[in-house]
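> dropping a prediction and its sequence here:
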Amino acid sequence: MTVDEEGMLWIAHWGGYQVTRWNPRTGKMLQSLSVPAPHVTSCVFGGKNRNELYITTAREWLSEELLRQYPLSGGLFRVKLDICGAESYSFIG
């Protein structure tokens, strides 16, 4: 999961072929981004302006048939958005 600068939550869906954007105050789903892989593992904002969503996927536990249908499974995807990710801070221990 990750959060954008508007405080909305972005959730990667394992077995769901997508990343969704949710309003945590209302519980309403605001947006869905399809991913060409069944197992979406994580998402995070990046890029110079934090307006690129990086999405990771997995190949584990997929049948040969699904791997043929979704050969990009296990790949990293980048989607440019009109929304920026929340600023993050480094931990200094």
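Alright, I've got the coordinates.
> low-confidence ranges, this structure, go.
Within the chain, the set of residues satisfying pLDDT under 70 is empty.
> pull the contacting residues for the most centrally placed residue in it.
By C-alpha atoms, centre = their mean, the mean C-alpha position of the chain lies nearest to C43, the distance being 3.4 Å. The neighbours of C43, taking C-beta atoms under 8 Å, 6 or more residues apart in numbering as the test, are 1-2, 10-12, 19, 53-56. (C-beta placed from N, C-alpha, C; glycine too.)
> and those residues, which are buried?
Neighbour-count burial (16 or more other C-beta atoms under 10 Å) is assigned, among the contacts of C43, to 2, 10-12, 19, 53-56.
> so which of those residues belong to strands?
2, 10-12, 19, 53-56 (DSSP state E).
> now the two most distant members of these.
I11 and Y54 (14.5 Å; C-beta to C-beta).
> now, which of the buried ones among the contacts of C43 sits nearest K80?
For the buried ones among the contacts of C43, the residue nearest K80 by C-beta to C-beta is L53; the value is 8.1 Å.
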